[in-house]
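In: Next input, structure requested:
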Amino acid sequence: MAVDLIKILILCTGNSCRSQIAHGYLENMLKQKAEIFSAGIETHGLNSNAVFIMQEDGIDISENTSNYVEEYRDIQFDYIITVCDNAKESCPVFYGNGKLLHKNFPDPSKVDGSMHQKIENFRNVRNQIKKYCEYFIQSELKINY
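Out: Numbers count the residues shown, from 1 in each chain. The predicted structure is shown next:
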């Protein structure tokens, strides 16, 4: 008998950084226990700095695509996690029993400065998202990974 996987959507503004980082962590931490999707209320393309800082942590998101949320309208999600205030305010209605969760993270692509400063900011946001993903798995899913 096939077991339905938990379906999780991570949603942010452009599906280029924050939702991609969360997607990478949840997919890595949950392995075959969940089906992870990420999308934006717009699509900005995958950010190369997000790919770089995730590779530092041993996770390859380089093949991820930047997807528009409407592509997933017909999927019954168990959880929809918005990772920025803009996405929360603009989140479309999804039908079903999916639980909506929100945690705002700063947009690392909006920081000006040297490349070193930009990468450090990406690392900081990445680490915040990683901690939130761990918290989500333990508190909401109650899964040991």
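In: pLDDT weak spots in this protein?
Out: Residue ranges of the chain with pLDDT under 70: 1-3, 91-96.
In: Which stretches in the protein count as helices?
Out: 18-30, 48-56, 85-90, 115-136 (DSSP state H).
In: winner for burial among those helices?
Out: Greatest average neighbour count among those goes to helix 18-30 (a mean of 25), per mean count of other CB atoms under 10 Å. Glycine gets a C-beta too; all of them are placed from N, C-alpha and C.
In: elements contacting that helix?
Out: When contacts are defined as 3 or more CB pairs under 8 Å, 6 or more residues apart in numbering; DSSP states H and E, helix 18-30 packs onto strand 6-12, strand 34-40, helix 48-56, helix 115-136.
In: So which elements touch the third one?
Out: Taking 3+ CB pairs under 8 Å, 6+ apart as the contact definition, the neighbouring helices and strands of helix 48-56 are helix 18-30, helix 115-136.
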